[in-house]
Every structure is written in structure tokens, then in C-alpha cells.
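**Student:** With the input below, show me the fold.
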Amino acid sequence: MCHANPMWNLSGDRARWHEVLRGLRFIVAIDVLPNESNEWADVILPAHDLLESWNLTMIEPPHHEGMCLRQPVTPPLHDTRSEEDIFNELSERLGILDIWNQVLNFANGFVMKPELMLQPGRKYGEREIAERKGLLWNGQPLDWYVEHGHAVTPRRPDKWYRAWEGMRLHFYLEDVLRARDTLHSKMEAVDVPIRHEWAWQDYQPLPTAVLDPVHHEPPEYDLYAITFKDVQINFAESLSNPWIQDIVGNDPVHTAALLNRRTGTARGLRDGDVVEIASPYGRIVARIALSEGVQPETICVSNALTRVATQHRGVRHGGGNFNELLPANLANTDACSGQPETVARVRVTRLASLPQELTGPDSVYGRRRTQ
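**Tutor:** Numbers count the residues shown, from 1 in each chain. Reported below is the predicted structural model:
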């Protein structure tokens, strides 16, 4: 796992994911902070913080594009390395450095300019790789990026409207059908167990309207549950930053699940009530905040409420992981794109009090009670 947290960001029952991790023989994590997943690692390789490392990152289209520089503003505080240098070192020690360099040549597009390609038998550092990224994009060395910061510009019209290098842009997407048939034959050849459950009908050459399976849940699940993040939160990972934690902890949209005021009043709910939010697949517990800014059939759960890391006191438990509410099955996964369901149908039940596991001094509610 490299800066990854599947235990937090994958759909489905956490207990099932615990079983999966227990069944793995050896787990290595490269990371900066403790999280729900790297607690399971046999080995943790500490990485540089973003303020200690070099990289050039593409600002993705459609509106703008170009390389943006990340550079060290402070020396590393501890014995850490960038993730790039860790992978380069490991590949050399494993005797696969030439293969790894070739992977980087393709992944970074260096193959488009042979003079920039990483050569066999040589280990490159993160700064050298960043330099090549800049040269590939606009021919400028890294020192130019240090001075200018980035090379981001609006996309040119010819990039917006080109018909795929002079070819016609197909309306009937035959490639989708070819991909389906290729995958089907490969699954059959090796007897993939789930091949008969795979939704081959999802591969359509024309846009086809299909009702999402979430709409077919039992009628007692009469609200839609969604999750959201605010602009200051980076998928909740930045909650370990005390300044951001202070902002989030004092913003009402992040301290309770949001429910439309008329919907809540009709169900006898008031601000601050404790509720269980349950889907056919799992449950979480939260306090309720009533708001006019919420669609009447929706309950909104900030991802600031869903972190359950135990080794970092800056991250507080807020009643459960939102992903517990989501199905982790093929029926709720688009076979063509691999996109899982991100919305759940839920029922909301008022509880007399917070469950005991949420009232300790390190819980988000316990912390608020002592302030």
C-alpha cells in the first residue's frame, strides 16, 4: 500500500475487509501518517511529507493542463525517503531495476522522446525524474519550474475539438463490444469463478438508460444517503492537520449528519438527536442537524465524520464509516467501467443515546462534551 487506505475508502462491511487483511501473508505500507489500513502492515516504510519531496504533477484537463511543481520547502525531519526513491531502491535490490525503469518510461510518457528515457543499469532519483517530466511537457528544465512554479495554461481549441488525430469520432462505440468479447473469452479460458455473474449487458455501444439498482431496495429504506467533502478537506486525510481539524470541528455541516428540516420534523427529529442510519448492507450512528439546504429525500454525511483511525489522536471517530452503508457486490458495480455504487437507500431510526463505543474521551462526541 502506497499512500493508500483501502480499509477506509472501500465499500462494504468493515468486518469482511478485516477478514481479507487477516488472510494476507505479508503487508508492506509506504505512508506518512498512521491510518486504518497501515495498522495491519508487517513493515511500514516512512515516506517524505509532500513538503519534503520533488515531483511534477499534471493538472488534468479538460479546461486547463500543464505541469505543476512540488519542491521541498524543508529538509526531511526524520529518516524518510520519497515513495519514488523507495521503489527505485527496492527494484535495484530485487534485481529488476531495468524492468522498473522501463515501466516508468511508459507511465511517464518518456518513450515519446527517446532522449529522455531512463536507461538500463542506472537508478534515478526523484529530482531527476521530475526534470524529465518538465522537459517532456514544454522543454524546460527543473530550474525553470522552480522560478515559474508551473506551466499550466488553458487547453488550446485544437485539443478541445480534435476528432481523434484526424479520425472520425464514432457515435457507435464498437470498442466497447470488442472489450466485452475479449474479456469474456479470457475469463472463460481460465474459468474465472464470477464470469457468469458478470454484467455483460453493461457493455453497450450506444448510451443506454438503465435504472440504478439502488432504486430497487425495499421501500422501508426511504431516504438516499450521500457523502460529501468540503473544500478544505482532502478526502478527510487532512483531518490530521490541527488547523483544519479546528475548522471542521466547529463547522455544523461536519459535526452531524444533515437532514432536511421538514423531513426531520415530520419524523419527530430535532437538532442533536442521535440516529441510526441503516441500509440493507450496514449501519452507522450519527447526530442529526436539520437544514433547509438538503434535498428532502436525502441525508448527507460529511466524510469528516467517518474516520476511525486509532493511532492518531488528530483523527476522531464519528460513528462509523459511510462506506459501511454501500454494497460491495457485482450487482451494484458497473461491469464496463468498474464504478461501484456510491449512494445508499437508508432508513433513519432515533436512538435514546449514543452507543457506548462512541462516548469515550477520544470520540468526536466525547471531545465535544469536554470542551
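
**Student:** Other residues contacting stretch 343-354?
**Tutor:** Contacting residues not belonging to stretch 343-354 are listed as 212, 214-215, 217, 220-226, 259, 267-269, 273-281, 285, 288, 299, 325-327, 365 [C-beta atoms under 8 Å, 6 or more residues apart in numbering]. (C-beta placed from N, C-alpha, C; glycine too.)

**Student:** hmm, I was thinking of stretch 144-151
**Tutor:** Residues from elsewhere that reach stretch 144-151, judged by C-beta under 8 Å, 6+ apart: 56, 59, 66-69, 71, 134, 137-138, 140.

**Student:** What sits closest to W8 if chain neighbours are left out?
**Tutor:** E36 (4.7 Å; C-beta to C-beta, 6 or more residues apart in numbering).

**Student:** So that neighbour, which state does it fall into?
**Tutor:** coil (DSSP: H, G, I helix; E, B strand; the rest coil).

**Student:** Quick check, it in contact with M7.
**Tutor:** Yes: judged on C-beta atoms under 8 Å, E36 makes contact with M7 at a distance of 4.0 Å.

**Student:** List the ones among the contacts of stretch 343-354 that fall in strands.
**Tutor:** 223-226, 259, 274-278, 285, 288, 299 (DSSP state E).

**Student:** Ramachandran coordinates for L104?
**Tutor:** phi -70, psi -30 (degrees, to the nearest 10).

**Student:** scratch that, H64
**Tutor:** Dihedral angles (degrees, to the nearest 10) for H64: phi -130, psi 160.

**Student:** Any figure for the gap between it and P154?
**Tutor:** Separation of H64 from P154 (C-beta to C-beta, to the nearest Å) stands at 6 Å.

**Student:** Quick one: the strands in this structure, in order.
**Tutor:** Ranges of strands within the chain are 28-31, 43-46, 55-59, 64-70, 153-154, 223-228, 257-260, 274-278, 283-291, 298-302, 344-351, based on DSSP E.

**Student:** Would you mind checking the contacts of stretch 343-354 for buried ones?
**Tutor:** By neighbour count, with 16 or more other C-beta atoms under 10 Å, the contacts of stretch 343-354 hold 214, 217, 221, 223-226, 259, 267, 269, 273-279, 281, 285, 288, 299, 325-327, 365 as buried.

**Student:** Can you list the neighbours in contact with stretch 50-60?
**Tutor:** The contact list for stretch 50-60 (C-beta under 8 Å, 6+ apart) reads 47, 65-77, 80, 82, 84, 126-127, 130, 133-134, 137, 142, 145, 150, 152.

**Student:** next one: stretch 254-265
**Tutor:** Stretch 254-265 has contacts (C-beta under 8 Å, 6+ apart) with 223, 230, 233, 248-249, 269-272, 275, 277, 286-302, 304-305, 348, 364, 368.

**Student:** Pull out the buried residues from those residues.
**Tutor:** Among those, those classed as buried by 16+ other C-beta under 10 Å are 223, 233, 248-249, 269, 275, 277, 286-291, 294, 298-302, 304-305, 348, 364.

**Student:** about what we covered before: relative to K159, which of the ones in strands among the contacts of stretch 343-354 is nearest.
**Tutor:** Nearest to K159 among those is I226, at 33.5 Å by C-beta to C-beta.

**Student:** Any figure for the gap between the closest one and I299?
**Tutor:** 8 Å.

**Student:** Quick one: neighbours of T153, just the number.
**Tutor:** 11 (other C-beta atoms under 10 Å).

**Student:** same check, this time on R25
**Tutor:** If you count neighbours by other C-beta under 10 Å, R25 ends up with 5.

**Student:** now do R132
**Tutor:** Neighbourhood size, R132 [other C-beta under 10 Å]: 23.

**Student:** same deal with H148?
**Tutor:** Burial of H148 is recorded as 11 neighbouring residues (other C-beta under 10 Å).

**Student:** Would you check how far apart it and H215 are?
**Tutor:** Distance from H148 to H215, by C-beta to C-beta: 50 Å.

**Student:** For stretch 323-340, give the mean pLDDT please.
**Tutor:** The average pLDDT for stretch 323-340 rounds to 92.

**Student:** shaky segments in this protein?
**Tutor:** 61, 161-169, 236, 309-318, 357-371 (pLDDT under 70).

**Student:** which ones are touching the spatially most central residue of it?
**Tutor:** The C-alpha lying nearest the average C-alpha coordinate of the chain belongs to N9 (C-alpha atoms, centre = their mean; 6.1 Å). Residues in contact with N9 (C-beta under 8 Å, 6+ apart) are 235, 323.

**Student:** and with 7 Å instead?
**Tutor:** N323 (C-beta atoms under 7 Å, 6 or more residues apart in numbering).

**Student:** And A130, by the same measure?
**Tutor:** A130 makes contacts with 54-56, 142, as judged by C-beta under 7 Å, 6+ apart.

**Student:** Can you lay out those residues as JSON lines showing neighbour count and distance to W200?
**Tutor:** Converted to JSON lines, the contacts of A130 look like this (neighbours: other C-beta atoms under 10 Å; distance: C-beta to C-beta, whole Å):
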{"residue": "W54", "neighbour count": "22", "distance to W200": "45"}
{"residue": "N55", "neighbour count": "18", "distance to W200": "40"}
{"residue": "L56", "neighbour count": "24", "distance to W200": "40"}
{"residue": "L142", "neighbour count": "19", "distance to W200": "48"}
